[in-house]
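Visitor: coordinates only, sequence not included:
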Ligand SMILES: NC(=O)C1=CN([C@@H]2O[C@H](COP(=O)(O)OP(=O)(O)OC[C@H]3O[C@@H](n4cnc5c(N)ncnc54)[C@H](OP(=O)(O)O)[C@@H]3O)[C@@H](O)[C@H]2O)[C@H](O)CC1
Ligand SMILES: [K+]
């Protein structure tokens, strides 16, 4: 699924109107109907109490006016407060004209701020994708008043004051802190960035029949990776295994991992690789890890390094279709020499994680040795060590795209919406997973899963990476359903990889 800019959503409206021979007024009615049905599901009249709708002068406000009419018809207690402006959109004026006369309407003029009780449910229909500059004056005063009220806020399309696809020019300008943001057709880029979470709240997307063709062919570097069942046009799926598939199809992977006190990372990554469907797995660990791997992962073959505490030698890399290095590796200079030798010696698909990433960060010259389509899996801190300190999440996305293009690699930037950047600069935001996965070893599991799918000879590099990230998050969601988010441990992820992958077929 593509993610569009604010400007593209306006073109999407026009494309929909033309393609479906409908009108903007009818499209607004679809939006309002979707909003009303969302509210009926999440805040039915007896739960909502009084609903106060704050409406701006454009089509965001128009959505609010149309919604007020529908809620009023559904027996909600509705009150309106309108922001005065020197011009109003046509669809705003239409919905203002057809508003039931018995709905109380006040004006958000200078000094007259609406009374908002903590129990009031506020609908923020002040500004949406038409916002072009920071809020000032009366609009800013209303938003500040709303944020202080402690009321539950449902934002229409965007929390007012936030731009859909760019950083705030004035961080001091007020932005609505919404409990929920309900948008149409597809999420905005702003919804996927951690710095905006306090304003967006929990985001939802309602289908209002917007032109799927326009969305599909829109020119954008931003995309979503969704479960096949979650989208009418799945663009990632795991091919089913044919009867005559055999071990070589699914590859022989080598995992270089572990050091004294961190052999568990190797155990977790190995387990994930095996559960991820790899044909054969060989795990190279320091001497201290040999018995541990052989005992905990009998399905894997094991190579013990001559050194007891860390990996000091690179095994022969020829027999493998993919090689992973990093989980629990430690920072010993001998292990760094192994990484450098691996980079110099092989063109086999690589997955580089954790300590091995930090080694690349400290020795940037090694980046020039990365084979094409190498997979790097930094979290935000590791990415900063690979590039530079970033001023905000948008700047980090620019750096991410530039890095992937410069080094022709696939970068998995781990976070709430893990972003996969491809060598062509396109970015795919993952939509599965939960905060319970912020637990030790979760990254080791992802590395193992990435290694398994990169060893799968049927999968192109980008598809393998998107599927691994999707399955990892989905395994986390399946596991959290059993253990709860707090109780989730990385081993639970390994246990749920099989069921997660089955839902991607
Ligand atoms: N397909 C869809 O997603 C649909 C979306 N709909 C809704 O339409 C809005 C977008 O409506 P639009 O009229 O383009 O703009 P807004 O309502 O967001 O803003 C209204 C005007 O406010 C002015 N503006 C911009 N920034 C500020 C500011 N900081 N302070 C004051 N005023 C501001 C701006 O006009 P200017 O000429 O002053 O720039 C805006 O035009 C979308 O969000 C959805 O809610 C459709 O209803 C259904 C389909
Ligand atoms: K809004």
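Guide: Cool, the structure landed. All figures in this text were calculated on a predicted structure; none of them were measured in a lab. Ligands and ions are numbered 1, 2, ... in the order given.

Visitor: would you indicate which residues of stretch 331-347 are buried?
Guide: 332, 335, 336, 338, 339, 340, 342, 343, 346 (16 or more other CB atoms under 10 Å). Placement of C-beta: from N, CA and C, glycine included.

Visitor: er, stretch 243-251 I mean
Guide: Buried residues in stretch 243-251 (16+ other CB under 10 Å): 249, 250, 251.

Visitor: helix or strand: which one has the first one?
Guide: Right, residue 249. Using DSSP states H and E, residue 249 sits in helix 247-250.

Visitor: residues of stretch 148-163 that come out buried?
Guide: 149, 151-163.

Visitor: quick one: end-to-end length of that stretch, please.
Guide: This stretch, stretch 148-163, spans 21 Å end to end (CA to CA, to the nearest Å).

Visitor: quick one: name the residues of this protein near ligand 1.
Guide: Proximity of the chain to ligand 1 is confined to 9, 12-13, 27-28, 31, 56-63, 89, 127-135, 139, 156-158, 184, 210 under the rule CB under 6 Å from any ligand atom.

Visitor: leaving out chain neighbours, which residue sits closest to residue 501?
Guide: residue 471 (5.2 Å; CB to CB, 6 or more residues apart in numbering).

Visitor: who touches that neighbour in this structure?
Guide: 238, 276, 449, 497, 500, 501, 504 (CB atoms under 8 Å, 6 or more residues apart in numbering).

Visitor: repeat for residue 122
Guide: 51, 52, 53, 54, 116, 146, 149, 151, 152, 153, 154 are the contacts of residue 122 under CB under 8 Å, 6+ apart.

Visitor: what pairs with the helix or strand encompassing the first one, parallel or antiparallel?
Guide: Residue 51 is part of strand 50-55 when elements are defined by DSSP H and E. Strand 50-55 pairs in its sheet with strand 77-82 (parallel), strand 121-125 (parallel), by DSSP bridges.

Visitor: deepest in the core, which of those strands is it.
Guide: strand 121-125 (a mean of 27; mean count of other CB atoms under 10 Å).

Visitor: who touches stretch 162-177?
Guide: Contacts for stretch 162-177 (CB under 8 Å, 6+ apart): 5-6, 9, 124, 126, 129, 131, 133-136, 140, 143-144, 146-147, 153, 155, 158-161, 188-190, 196, 198-201, 392-395.

Visitor: what about the one helix or strand residue 254 maps to, distance to the chain center?
Guide: Assigned by DSSP H and E, residue 254 belongs to strand 252-256. Its chain's C-alpha centre and that of strand 252-256 lie 28 Å apart, by CA atoms, centre = their mean, to the nearest Å.

Visitor: show me what that strand is packed against.
Guide: helix 263-275, strand 280-285, strand 322-325, helix 442-455 (3 or more CB pairs under 8 Å, 6 or more residues apart in numbering; DSSP states H and E).

Visitor: picking that back up, among the strands paired with strand 50-55, which comes closest to residue 375?
Guide: Across the strands paired with strand 50-55, residue 375 has its closest neighbour in strand 121-125 (40.6 Å, CB to CB).

Visitor: let me see the mean pLDDT of that closest one.
Guide: Across strand 121-125, pLDDT averages out at 98.

Visitor: ok, now stretch 245-257?
Guide: 90.

Visitor: can you measure across it, start residue to end residue?
Guide: Per CA to CA, the first residue of stretch 245-257 is 29 Å away from its last.

Visitor: all strands in the stretch 201-350 of the chain, in order from the N-terminus.
Guide: 202-206, 222-225, 252-256, 280-285, 301-304, 322-325, 350-352 (DSSP state E, counting those that start in this stretch).

Visitor: any chance of JSON lines for these, columns mean neighbour count?
Guide: Shown next, in JSON lines, are the strands of the stretch 201-350 of the chain (neighbours: other CB atoms under 10 Å):
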{"stretch": "strand 202-206", "mean neighbour count": "16"}
{"stretch": "strand 222-225", "mean neighbour count": "21"}
{"stretch": "strand 252-256", "mean neighbour count": "27"}
{"stretch": "strand 280-285", "mean neighbour count": "24"}
{"stretch": "strand 301-304", "mean neighbour count": "18"}
{"stretch": "strand 322-325", "mean neighbour count": "28"}
{"stretch": "strand 350-352", "mean neighbour count": "29"}
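
Visitor: mind putting those strands into CSV with distance to residue 270?
Guide: Below are the strands of the stretch 201-350 of the chain laid out as CSV (distance: least, CB to CB, whole Å):
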stretch, distance to residue 270
strand 202-206, 36
strand 222-225, 25
strand 252-256, 6
strand 280-285, 5
strand 301-304, 9
strand 322-325, 9
strand 350-352, 13
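
Visitor: tell me where the stretch 401-505 of the chain has helices.
Guide: For the stretch 401-505 of the chain, the helices defined by DSSP state H, counting those that start in this stretch cover 442-455, 461-483, 490-502.

Visitor: so for residue 270, which of those sits nearest?
Guide: helix 442-455 (6.3 Å).

Visitor: packing partners of that closest one?
Guide: strand 252-256, helix 263-275, strand 322-325, strand 350-352, helix 354-362, helix 461-483, helix 490-502.

Visitor: which one, of the ones you listed, ends up nearest to ligand 2?
Guide: Ligand 2 lies closest to helix 461-483 among those, at 28.6 Å (CB to the ion).

Visitor: buried sites along the closest one?
Guide: Quick answer for helix 461-483 (16+ other CB under 10 Å): 461-480.

Visitor: what angle do it and helix 490-502 make?
Guide: 120 degrees (axes from the mean of the first three to the mean of the last three CA atoms, to 10 degrees).
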